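In: sequence? don't have it. structure:
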């Protein structure tokens, strides 16, 4: 769970923060979040960093509960600020503007599980907790 979510959000976070994988990078993402979506600059920066750094935290199992909480909050904001007007389902046939929010609900569910259960046996969090 942690590794799959971490991998997905590493790619997405790297698009937002670094411009990798066809993304717009930090400046372009900040512009989109602040001007198009209407998120204040401080919170836009936190959203970008929580997706990128949170993904790295998930991949190595460090501060997993905090990383999952940050990503879950990002997804809730994305649902209400961007995707709720489109509806629940993805734009399978290109007949609507934008994408739905079912993916975001799945991410939130995974994040809740990680917040409750923690990183698991093979994680930095577990190694620290044993000491």
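Out: It's in. The structure displayed is predicted, hence computed values, not measured ones. Numbers count the residues shown, from 1 in each chain.
In: For the helix or strand harbouring residue 77, buried residues please.
Out: Applying DSSP states H and E as the criterion places residue 77 in helix 64-78. By 16 or more other C-beta atoms under 10 Å, the buried positions in helix 64-78 come out as 64-65, 67-78. For every residue, glycine as well, the C-beta is placed using N, CA and C.
In: can you pull out the helices in the protein?
Out: Assigned helices in the chain, in chain order: 2-18, 25-31, 41-60, 64-78, 102-117, 124-130 (criterion: DSSP state H).
In: Taking helix 41-60 as reference, get the angle to the fourth one.
Out: So that's helix 64-78. Counting by axes from the mean of the first three to the mean of the last three C-alpha atoms, to 10 degrees, helix 64-78 points 140 degrees away from the direction of helix 41-60.
In: deepest of the helices of the chain, which one?
Out: The highest mean neighbour count among the helices of the chain, using mean count of other C-beta atoms under 10 Å, belongs to helix 64-78: a mean of 21.
In: Which neighbouring elements make contact with it?
Out: Helix 64-78 sits against helix 2-18, helix 41-60, helix 102-117, with contacts defined as 3 or more C-beta pairs under 8 Å, 6 or more residues apart in numbering; DSSP states H and E.
In: follow-up on the earlier one: of the buried residues of helix 64-78, just say which sits nearest to residue 130.
Out: Among those, residue 64 lies closest to residue 130 (C-beta to C-beta), at 15.0 Å.
In: you'd agree that closest one is up against residue 122?
Out: No - between residue 64 and residue 122 there is no contact under C-beta atoms under 8 Å: 11.5 Å.
In: where are the low-confidence patches of the chain?
Out: Applying pLDDT under 70 to the chain flags the ranges 85-88, 90-98.
In: OK, contacts around the closest residue to residue 113 other than its chain neighbours?
Out: Of all residues not flanking residue 113 in the chain, residue 1 sits nearest, at 6.2 Å (C-beta to C-beta, 6 or more residues apart in numbering). Shown in contact with residue 1 (C-beta atoms under 8 Å, 6 or more residues apart in numbering): 110, 113, 114.
In: Torsion angles phi and psi at residue 24?
Out: phi -100, psi 0 (degrees, to the nearest 10).
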